[in-house]
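In: Provide a 3D model corresponding to the input given below.
(2 chains)
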Amino acid sequence: MKNILCCLEQSARQYPDRVAVADDVSALTYRELTEQARRIGCCVGKLGARRQPVAVLLDKTPACVAAFLGVAYSGNFYVVLDSLMPADRIGRIFETLRPAALIADRAHLEAARALALDGPVIEYEEALEEPVREDFLAEVRREMTERDPLYALYTSGSTGRPKGTVVSHRAVIAYSQWVIDTFGIDADTVFGSQTPFYFSMSVTDLYSTLRTGARLQIIPKKLFSFPLMLMEYMNRWEINTIYWVPSALCIVANWDTFAYARPEHLKKVLFAGEVMPIKQLNYWRKNFPGLLFANLFGPTETTDICTYYVVEREFEDTETLPIGRPCDNCRALVLDGEGREAETGELYVGGPFLADGYYNDPEKTRAAFVPNPLNTAWPETLYRTGDLVSRGEDGNLLYLGRRDFQIKHMGYRIELGEIEANAGAAEGISACVCVYDPDRDLIVLLYQGKADTDALMARLRAKLPAYMLPNRLIRLKAMPYNANGKIDRAYLKKHYQEL
Amino acid sequence: MEEVIKILEEIKPGVDYHQEKNLFEDHILASLEIMMLVSELNDAFDIEITLPYIKPENFRSAETIYAMVKKVQDEE
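Out: You can find the predicted model right below:
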């Protein structure tokens, strides 16, 4: 199998009339999804572009999935744009991307035309009228290899210029195979999808579903404000598998949702994207002791994930959950500053899950995708994650923090994550974030919850050495979240003085 | 009622809360701001708004929010 579309077509042959992707108002069966994607592919194909980026501007809907796959049928790769993203950021993405075309539905057509774009705007509804040319689709398939890109995913770069990670068919095929084998995804899976399509976590939901004939049930974002409606939605569609950011799981826990309603069909709870606080994890586990809980870890540059840990024992509220061991078919190395294997160091990843680099950005690509320093015999690329990890006694990897989160304060090396883990376990804390202000040499802990600052400080004094104690405690009414649903650390770091 | 409006104006200024009848559907209040609002209401009125009250119809307007607060007060 060299192309992700082969997987889709196999599911369509086996389960033509089962729903592939649905939200609260629309649904596409495998037959319909394939048919739409082939028409869109033939429409995009008229441009004559191959292996070029095609931008997609649609809300998170079944139609958006059809557009992605349509781009793949045309022999090009898709780049999803956030429909709520400011035009200015899209403009900066287009500076390096220069897409061959942009696909938008009628609702976004005006916004699409307003963007500075060299290529044409293709209307989704019109593309669905395009007749299928079998010979064209066959020729594209024949010419493509598994190394061709399936998509490029833009993440924010620290310098302000977004980076487009280029991910191949092969990477998605290898990665989604691991997801399917490890978590038993099959045609009976109903995947409750929380993360936006412009976030790498959604790749897990989408492609493990499409390969197995499962159902991707998109959860409207609004429901995370109203947990009882969320439970009702999960029960209505019999959602049995979820892969959410911890912040979403914490909303459910912090409201004591299960005292009022329970997701009756749920079997598997996967999470990634930020550190899962143990207190809230324990709330879930206490209420659902029989479920599978797994902590997944990885960046966009390894398709989504490189290590994982299935929760198999009790954890104290103050402990941190391991990030576990490398996924099957993925290599993970811990290297020190000199490129030697170490017990504590930076995590490097190799193997077929790896992205190929950043689109039109050779400099950043060279800095992050590096030759394996332990192998001089043949060229082998590793991705430098920028994450600090250490190997625990049981062989599981522990996440210490971002390389850039490790701070030096009063001469001590400090992991902000350790302060967070201790604060987060305290009574009356429902969420917390620790940031460091290097200009003023201040450790600032921002938290949400009933606890007052004196009580929290007293607790931290009992748990942490003096040099690790935050210099400021700030109680927030609510944490700010970014577009992916994660706590917005960058915002807090920049604006804590105004809060 | 005026206290509710005062809190709303602090959370999101620039809206006529006397007139606005569809705070949530018109995207005036996002999910995060609802959490913030509940927390402020709990503090201001010394109440504990529990999950069953967290439904869209209670957050439609300043009026419905105030009605919810009174109901919680009555039940406590």
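
In: ends of stretch A:79-99, how far apart?
Out: Using C-alpha to C-alpha, to the nearest Å, one end of stretch A:79-99 lies 9 Å from the other.

In: Can you get me a residue count around the closest residue in space to residue A:1 that isn't next to it in sequence?
Out: Leaving out its chain neighbours, the residue that sits closest to residue A:1 by C-beta to C-beta, 6 or more residues apart in numbering or on different chains is residue A:173, at 6.2 Å. All C-beta atoms are positioned from the backbone trio N, CA, C, and that covers glycine. Neighbours of residue A:173 under the rule other C-beta atoms under 10 Å in any protein chain shown: 21.

In: Residue A:173 in helix, strand or coil?
Out: helix (DSSP: H, G, I helix; E, B strand; the rest coil).

In: how near is it to residue A:427?
Out: Applying C-beta to C-beta, to the nearest Å, one obtains 47 Å for the distance of residue A:173 from residue A:427.

In: same deal with residue A:219?
Out: For residue A:219 relative to residue A:427 (C-beta to C-beta), the value is 31 Å.

In: neighbour-wise, which of these two wins?
Out: residue A:219 (23 against 12).

In: what's the nearest residue to the residue nearest to the spatial centre of chain B if we skip its chain neighbours?
Out: Per C-alpha atoms, centre = their mean, the C-alpha nearest to the average position across chain B is that of residue B:65, at 4.1 Å. In this structure, residue B:65 finds its nearest non-sequential neighbour in residue B:4, 5.2 Å apart by C-beta to C-beta, 6+ apart.

In: Any idea how many residues pack against the one you found?
Out: 23.

In: and it, helix, strand or coil?
Out: helix.

In: again with residue A:146
Out: Three-state assignment for residue A:146 (three-state DSSP): coil.

In: Next up, the contacts around it.
Out: By C-beta atoms under 8 Å, 6 or more residues apart in numbering or on different chains, the contact set of residue A:146 is A:2-3, A:168-170, A:173.

In: want to try CSV for those, with distance to residue A:244 as columns?
Out: What follows is those, written out as CSV (distance: C-beta to C-beta, whole Å):
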residue, distance to residue A:244
A:2, 32
A:3, 29
A:168, 27
A:169, 27
A:170, 27
A:173, 24
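
In: Just the buried ones from these?
Out: Among the contacts of residue A:146, those buried by neighbour count (16 or more other C-beta atoms under 10 Å in any protein chain shown) are A:3, A:168-170, A:173.

In: Without its sequence neighbours, what residue ends up closest to residue A:385?
Out: residue A:347 (4.5 Å).

In: Count the neighbours of residue 7 for me.
Out: You didn't say which chain, so I picked chain A. 19.

In: Wait, chain B was what I had in mind.
Out: Using other C-beta under 10 Å, residue B:7 has 19 neighbouring residues.

In: Then the one 4 residues further on?
Out: Residues within reach of residue B:11, counting by other C-beta under 10 Å, total 17.

In: cool, residue A:122 as well?
Out: 24.

In: and chain B, which of its residues are near chain A?
Out: Within reach of chain A by C-beta under 8 Å from any C-beta of the partner chain, chain B has these residues: B:24, B:30-36, B:39-40, B:51-52, B:54-56.

In: Next up, the contacts around residue 11.
Out: All of this refers to chain A. A:20, A:30, A:210-213.

In: um, chain B though
Out: B:29, B:33, B:36-37, B:40.

In: Settle this for me: residue A:406 is touching residue A:387, isn't it.
Out: No. Counting by C-beta atoms under 8 Å, residue A:406 stays clear of residue A:387, with 10.3 Å between them.

In: Please list the residues of chain A that sit near chain B.
Out: Residues of chain A lying near chain B (C-beta under 8 Å from any C-beta): A:221-222, A:224-229, A:255-257, A:259-260, A:448, A:477-481.

In: From chain A, how far out is residue B:17?
Out: Noted for residue B:17: a distance of 18 Å to chain A, by C-beta to the nearest C-beta, to the nearest Å.

In: again with residue B:74
Out: 20 Å.

In: Look up phi and psi at that residue.
Out: In terms of degrees, to the nearest 10, the main-chain angles of residue B:74 are phi -60, psi -40.

In: The residue nearest to residue A:97 when sequence neighbours are not counted: what's it in contact with?
Out: Spatial nearest neighbour of residue A:97, excluding adjacent residues (C-beta to C-beta, 6+ apart): residue A:53 at 5.3 Å. With C-beta under 8 Å, 6+ apart as the criterion, the residues that contact residue A:53 are A:76-79, A:97-100, A:152, A:164, A:359.

In: Swap in 7 Å and give it another go.
Out: Counting by C-beta atoms under 7 Å, 6 or more residues apart in numbering or on different chains, residue A:53 makes contact with A:76-77, A:79, A:97, A:99-100, A:152.

In: Tell me which helix or strand in chain B has the weakest average pLDDT.
Out: In chain B, no helix or strand scores lower on mean pLDDT, DSSP states H and E than helix B:31-45, which sits at a mean of 83.

In: helices or strands next to it in the packing?
Out: Where contact means 3 or more C-beta pairs under 7 Å, 6 or more residues apart in numbering or on different chains; DSSP states H and E, helix B:31-45 is packed against helix B:2-11, helix B:62-75.

In: who's the closest residue to residue A:400 other than its chain neighbours bridged to?
Out: Among residues not flanking residue A:400 along the chain, residue A:388 sits closest, at 4.1 Å (C-beta to C-beta, 6+ apart). Applying DSSP bridges to residue A:388 gives these bridge partners: residue A:346, residue A:401.
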